[in-house]
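Undergrad: attaching a predicted model along with its sequence, questions to come.
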Amino acid sequence: QVQLVESGGGLVQAGGSLRLSCAASVNTFNMYVMAWFRQAPGKERQFVIAISKSGGNTDSADFVKGRFTISRDNAKNTVYLHMNNLKPEDTAVYYCAAARYIYGGNYGPVANYDYWGQGTQVTVSS
C-alpha cells in the first residue's frame, strides 16, 4: 500500500506561481511512475503531467506546456509540480498519483494509476 500526501496548494493571483509537493510513504518510490491530475467542480479528473520512474522522461497535457513542470527526488520519496503563469482556469483540486506500470506508454488515463492522494486545492484569482 502506498500513501500519497499532497501539500502546497493555496490561493494565488493570475500570473503567479505555486509549487505542489507529494510525499510517498513507500520504500520503493523509484519503482513508480508519478503524475499529477486535477479536477475542477463539475468536471472529470484530467491528466496534467507525469514523470518516469527515473525522472528522465516527462509528459504533459498541452494546456500546461511551457507553464508547468514536474520533478522528483527519489531520495526523499517526493514528487513536485512547479506551476508558473497560473490562470484562473487552472483552479482545481490537484491530485498526486502513482503507477507501477503504464500500459501502452500512455500516461493520461486515470485507470493506469494505482494510488491517489487526497488532493490539494489550487485557486487562481483573476
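TA: In hand now; what should we look at? Numbers count the residues shown, from 1 in each chain.
Undergrad: which SS class is the residue lying closest to Gly8 once chain neighbours are set aside?
TA: Using CB to CB, 6 or more residues apart in numbering and skipping residues adjacent in sequence, the residue nearest Gly8 is Leu20, 4.2 Å away. Quick note: C-beta positions are derived from backbone N, CA and C, even for glycine. When classified by DSSP: H, G, I helix; E, B strand; the rest coil, Leu20 comes out as strand.
Undergrad: start the count at 49, not 1, going forward
TA: Will do, 49 is the new start, and the previous item becomes Leu68.
Undergrad: check the burial of Leu68 by counting its neighbours.
TA: By other CB atoms under 10 Å, the residues close to Leu68 number 23.
Undergrad: also Trp84?
TA: With other CB under 10 Å as criterion, Trp84 counts 26.
Undergrad: does it belong to a helix or a strand, and which?
TA: strand 81-87 (DSSP states H and E).
Undergrad: what sits up against that strand?
TA: Contacting residues not belonging to strand 81-87 are listed as 68, 70, 72, 93-101, 118, 120, 127, 129, 138, 140-150, 155, 158, 161, 167, 170 [CB atoms under 8 Å, 6 or more residues apart in numbering].
Undergrad: about what we covered before: how about the contacts made by the residue nearest to Gly56?
TA: The contact partners of Leu68, by CB under 8 Å, 6+ apart, come to 54-57, 84, 128-129, 131, 142, 144, 168, 170.
Undergrad: what distance do you get for it to Val81?
TA: Leu68 sits 17 Å away from Val81, taking CB to CB, to the nearest Å as the criterion.
Undergrad: about what we covered before: just the buried residues of the strand holding Trp84, please?
TA: Neighbour counts over strand 81-87 (16 or more other CB atoms under 10 Å) mark 81-86 as buried.
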